[in-house]
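Engineer: model the structure of this input:
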Amino acid sequence: MALKFQSLFSRTERTEELFTSLMGNDGEIQTQLTTPLSAIAGAFEDLSTLVNSKGFDYDLDLKTFCDACSLVSILFGCLGIAFKFAELEYVSKVSDLAGASQVFMTLNKVIEFDLRNDSVRTPGSLSRNLRRVRQGLDLIRALFQNFLSSDDCYLKEAASTAYAKTCAPYHTWAVRTAVYAGMYALPTRDQLLLKLRETNESAAKEMIRYINASLPVIEYIDKLYSSRNISLDW
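Structural biologist: Numbering: from 1, shown residues only. Next up, the predicted model:
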C-alpha cells in the first residue's frame, strides 16, 4: 500500500514539475499557454474536436484520453485535503487505464473486455475505473461552473455543491463525511488562482474552455455504457 501511495504522489509531483519547467528563471509564466488551466483546456478541446467531428461511433484512443486526464490531477492537488481522497482515487484510476492502453488501445475495447467477463462494475475493473475518471472530470466541470457563477472569496459552497452533484451519490457515508469535513480547509479564491498562476480574467477564460470541451467527452463516455444497456447509477 505504501508503494502504491508513493507512486500516486510521484505522478502528481511529475505533473507539477512539468508546469514548473515551463516557467522562466524569474518565476514569470513565459506564455499564457503554459499555465495548468490552459494546458488542460487545450487537451480537452482536442478530445472534444475528435468526438464532435467523428461522432459517437469514433473509437477514442485510450492513451490520448489518459494523457489529457492526467493533466487534471494538478487541480485536485490545488484544492487541498478536502479533495485528497478524490485526488488519490482519480490519479490511481487514470494510471491503471494508462497502463492498460497498450493492450486495449481504445475506450470501446476496455468496456467490451469487461462485458465479456461480466466485470464492468467489479471493483478494480477498467470499466469501473473509467466510470470513476469520468466522475472526476465532471466534478471539475461543475466546480468551475460554480466558481464562475459566484464572487464568493471562499470555495466551500462552490466545491460542496459540485461534489454533492457529481460524486457524493457514489461514495460511502465515511468518504462523504471526510470530504465535507475537509471543505473548511479549502483554499480561498485568491489562493487557488495563485496556485494555478491565473488572474480572475484568465482563469474564467480557461475554465469556460474546459467546461465547453469536457461536456462532449463526458457525454461520449456515458454513451459507451448506455448504448450497451449499462445503467449509469453507480
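Engineer: next one: the nearest residue to Phe104 once chain neighbours are set aside from Leu130, what distance?
Structural biologist: On the basis of Cβ to Cβ, 6 or more residues apart in numbering, the spatially nearest residue to Phe104 that is not a chain neighbour turns out to be Val110, at 5.0 Å. (C-beta placed from N, C-alpha, C; glycine too.) If you measure Val110 against Leu130 using Cβ to Cβ, to the nearest Å, the figure is 6 Å.
Engineer: helix or strand for the residue most central in space within the chain, which one?
Structural biologist: To find the centre residue of the chain, average its C-alpha atoms and take the closest one (Cα atoms, centre = their mean): that gives Leu137, at 3.6 Å. Of the helices and strands defined by DSSP states H and E, Leu137 is found in helix 126-148.
Engineer: return that helix as CSV; C-alpha atoms alone will do.
Structural biologist: Output of helix 126-148 as CSV, limited to C-alpha atoms (Å, rounded to 0.1, in the frame of the first residue of the first chain):
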residue,chain,number,x,y,z
LEU,A,126,-11.0,-0.9,-16.1
SER,A,127,-14.7,-0.1,-17.0
ARG,A,128,-15.3,0.9,-13.4
ASN,A,129,-12.1,2.9,-13.4
LEU,A,130,-13.2,4.7,-16.5
ARG,A,131,-16.5,5.5,-14.8
ARG,A,132,-14.8,7.0,-11.8
VAL,A,133,-12.4,9.1,-14.0
ARG,A,134,-15.5,10.4,-15.8
GLN,A,135,-17.0,11.4,-12.5
GLY,A,136,-13.7,13.2,-11.6
LEU,A,137,-13.9,15.2,-14.9
ASP,A,138,-17.5,16.1,-14.2
LEU,A,139,-16.6,17.2,-10.7
ILE,A,140,-14.0,19.7,-12.0
ARG,A,141,-16.5,20.9,-14.6
ALA,A,142,-19.2,21.5,-12.0
LEU,A,143,-16.7,23.2,-9.7
PHE,A,144,-15.6,25.6,-12.5
GLN,A,145,-19.2,26.4,-13.2
ASN,A,146,-19.9,27.2,-9.6
PHE,A,147,-16.6,29.2,-9.4
LEU,A,148,-17.7,31.4,-12.3
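Engineer: for the top helix by length along the chain, packing partners?
Structural biologist: Identified as the longest helix of the chain according to DSSP state H is helix 200-226. Other helices and strands packing on helix 200-226, by 3 or more Cβ pairs under 8 Å, 6 or more residues apart in numbering; DSSP states H and E, are helix 36-54, helix 107-116, helix 126-148, helix 189-196.
Engineer: could you redo the last one with a cut-off of 6 Å?
Structural biologist: Using 3 or more Cβ pairs under 6 Å, 6 or more residues apart in numbering; DSSP states H and E as the contact criterion, the elements in contact with helix 200-226 are helix 36-54, helix 126-148.
Engineer: and it, how far out from the chain's middle?
Structural biologist: 10 Å (Cα atoms, centre = their mean, to the nearest Å).
Engineer: low-confidence ranges in the protein?
Structural biologist: Counting by pLDDT under 70, the low-confidence segments of the chain come to 1-33.
Engineer: and if we set it to 50?
Structural biologist: Per-residue confidence of the chain (counting by pLDDT under 50) places the weak regions at 1-32.
Engineer: may I see the buried residues of the longest helix of the chain?
Structural biologist: Buried residues in helix 200-226, defined by neighbour count with 16 or more other Cβ atoms under 10 Å: 202-203, 206-207, 209-211, 213-214, 216-218, 220-221, 224-225.
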